[in-house]
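1. quick one: sequence and predicted model below, then my questions.
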Amino acid sequence: MKIKNIVVGKVEAPLITPFKTALRTVHSIHNIAVYVHADNGQIGIGEAAPTAAITGETLGSISHAIEEYIKPAIIGMDIEELTEIMERIDSSIYQNTSAKAAVDMAIYDLFAKHYQTPLYKLLGGYRKELVTDITISVNDSEEMVKDCIAAVQRGFQILKIKVGKDPASDVERVVAIRDAVGHAITLRVDANQGWTPKQAVQIIRALEDAGTNVELVEQPVHCHDLAGMQFVTANTLTKILADESVFSAKDAYSIIEMRAADLINIKLMKTGGIYQAQKICHIAEANDIPCMIGCMLETKISVSAAAHFAASQKNITMIDLDGPSLCLKDPVPGGPIFENDRIRMTDAVGIGFS
Ligand SMILES: C[C@H](N)C(=O)N[C@@H](CCC(=O)O)C(=O)O
Ligand SMILES: [Mg+2]
């Protein structure tokens, strides 16, 4: 099965409510869809999210990177040469990780279709069901409490609370949410780089003293401030999770070597796809660092690829694949079944879209 053509399109999905973090506010998803056509008529599908604030990519840059750099590097190759295809995608252009991720997952989709197997089974088939958290946008405490109660009523038992936009009120926000939802609900906190290292230690210690029992704090300080991440990790009891600080296997190695975090969040849009994500997951596993699988503002297309990857890996112990739950509707039928906080893998071949 040879790669005959790669076609770039669009995928759009309105959000149920505006998505707000310390880095950005988004009202609707406008992403890139990628279709890799094989010479036997089969098609692999992928998606890229233009998260300029995190990966530096835009709709224009993603489509240009695919058309002008990634496509010429792999056109005509046989799908069975998977490792060589992945190495060529990686070296076709520096960074541009979401563009690479869209093509990587479409190739994996074709690869699994070629072997008539669901992708997660081909990758190792570790589990059939995932339990995801859902993200609560940063707003004033009252609105966040309402959003948390609504999420629990929808069936979510793990809430990922966005903070970091207005640090002075962050402790109050999390305490109000804990009081409202009770202790049976797991709370994760994501500052999206919004705190200074000293602020982070002060806020996390205050959350600990208030008995909020937060499971983890994600990316407390600026992504390049690994010394700051190390300072926060060393001076708090709560687990610290590196997100924007880890794109590549080398980044993961630096975080591990410096003990700058306890946990790592892997996102296909940061790694450049499944091939590189496996490397990070395995480096972390070898160093007893459990990983989260996360997503950007992505629809069911790329989140399904991430679900297949997560279902194949023992070391992915936390799931933040809530993109489809934040959308009003899915742009395409098929793929794993997303129902409240459950993601169930099916026996459909590839990623599961026909
Ligand atoms: C959507 C997901 N739960 C999430 O919060 N992802 C990112 C932010 C993504 C974005 O800005 O698109 C994260 O920081 O974990
Ligand atoms: Mg994050």
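-> Alright, I've got the coordinates. Ligands and ions are numbered 1, 2, ... in the order given.
2. centre of the chain versus the strand or helix carrying Glu142, how much separation?
-> Assigned by DSSP states H and E, Glu142 belongs to helix 141-153. Counting by CA atoms, centre = their mean, to the nearest Å, helix 141-153 is centred 23 Å from the centre of its parent chain.
3. what packs against it?
-> Here helix 141-153 touches strand 134-136, strand 158-162, helix 170-181, going by 3 or more CB pairs under 8 Å, 6 or more residues apart in numbering; DSSP states H and E. Yep, even glycine has a C-beta here, placed from its N, CA and C like the rest.
4. following the chain onward from the helix or strand hosting Gln230, which element is next?
-> Using DSSP H and E, the secondary-structure element containing Gln230 is helix 226-234. Per DSSP H and E, the first helix or strand lying C-terminal to helix 226-234 is strand 239-242.
5. give me the low-pLDDT residue ranges for the stretch 201-350 of the chain?
-> For the stretch 201-350 of the chain, no stretch is flagged by pLDDT under 70.
6. can you give me the strands for it?
-> Secondary structure of the stretch 201-350 of the chain by DSSP state E, counting those that start in this stretch: the strands cover 214-218, 239-242, 263-267, 291-294, 316-319, 337-339, 342-344.
7. ligand 1 contacts on this protein?
-> 21, 23-24, 51, 135, 160, 190, 192, 243, 294-297, 320, 322-323 (CB under 6 Å from any ligand atom).
8. ok, back up a step: can you lay out the strands of the stretch 201-350 of the chain as JSON lines showing mean neighbour count?
-> Below are the strands of the stretch 201-350 of the chain laid out as JSON lines (neighbours: other CB atoms under 10 Å):
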{"stretch": "strand 214-218", "mean neighbour count": "22"}
{"stretch": "strand 239-242", "mean neighbour count": "25"}
{"stretch": "strand 263-267", "mean neighbour count": "25"}
{"stretch": "strand 291-294", "mean neighbour count": "26"}
{"stretch": "strand 316-319", "mean neighbour count": "20"}
{"stretch": "strand 337-339", "mean neighbour count": "15"}
{"stretch": "strand 342-344", "mean neighbour count": "18"}
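9. got JSON lines for those strands, with distance to ligand 2 too?
-> Putting those into JSON lines (distance: least, CB to the ion, whole Å) gives the following:
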{"stretch": "strand 214-218", "distance to ligand 2": "5"}
{"stretch": "strand 239-242", "distance to ligand 2": "8"}
{"stretch": "strand 263-267", "distance to ligand 2": "6"}
{"stretch": "strand 291-294", "distance to ligand 2": "6"}
{"stretch": "strand 316-319", "distance to ligand 2": "11"}
{"stretch": "strand 337-339", "distance to ligand 2": "20"}
{"stretch": "strand 342-344", "distance to ligand 2": "19"}
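10. avg pLDDT for the lengthiest helix in the chain?
-> Secondary structure of the chain read by DSSP state H shows that its longest helix is helix 97-114. Confidence over helix 97-114 (mean pLDDT, whole number) is 98.
11. now the angle from it to strand 263-267?
-> Per axes from the mean of the first three to the mean of the last three CA atoms, to 10 degrees, the angle that helix 97-114 makes with strand 263-267 is 70 degrees.
12. mind listing what's buried in the helix or strand following helix 97-114?
-> Downstream of helix 97-114, the first helix or strand assigned by DSSP H and E is helix 119-122. When burial is assessed from 16 or more other CB atoms under 10 Å, helix 119-122 yields the following buried residues: 119-122.
13. gap between helix 119-122 and the chain center?
-> Helix 119-122 sits 19 Å away from the centroid of its parent chain (CA atoms, centre = their mean).
14. where along the stretch 201-350 of the chain do the helices fall?
-> 226-234, 249-258, 268-271, 274-286, 300-312, 323-326 (DSSP state H, counting those that start in this stretch).
15. can I get these in TSV including mean neighbour count and distance to ligand 2?
-> Converted to TSV, the helices of the stretch 201-350 of the chain look like this (neighbours: other CB atoms under 10 Å; distance: least, CB to the ion, whole Å):
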stretch	mean neighbour count	distance to ligand 2
helix 226-234	20	13
helix 249-258	17	14
helix 268-271	28	10
helix 274-286	21	15
helix 300-312	29	14
helix 323-326	24	13
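16. and Asn40, which of those helices is closest to it?
-> helix 300-312 (21.3 Å; CB to CB).
17. restrict the closest one to CA atoms and write it as CSV.
-> C-alpha atoms of helix 300-312 as CSV (Å, rounded to 0.1, in the frame of the first residue of the first chain):
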residue,chain,number,x,y,z
LYS,A,300,-13.2,13.6,17.8
ILE,A,301,-10.8,13.0,14.9
SER,A,302,-7.5,13.6,16.6
VAL,A,303,-8.7,12.9,20.1
SER,A,304,-9.7,9.4,18.9
ALA,A,305,-6.1,8.9,17.7
ALA,A,306,-4.9,10.0,21.1
ALA,A,307,-7.4,7.5,22.7
HIS,A,308,-5.9,4.6,20.7
PHE,A,309,-2.4,5.6,21.8
ALA,A,310,-3.5,5.9,25.5
ALA,A,311,-5.3,2.6,25.3
SER,A,312,-2.1,0.9,24.2
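18. please compute how far that helix lies from its chain's middle.
-> Relative to its chain's centre, helix 300-312 lies at 10 Å (CA atoms, centre = their mean).
19. contact partners for the residue in the chain that ligand 2 sits nearest to?
-> Using CB to the ion, the closest approach of the chain to ligand 2 is made by Asp243 at 3.7 Å. Shown in contact with Asp243 (CB atoms under 8 Å, 6 or more residues apart in numbering): 190, 192, 218-219, 265, 267, 294.
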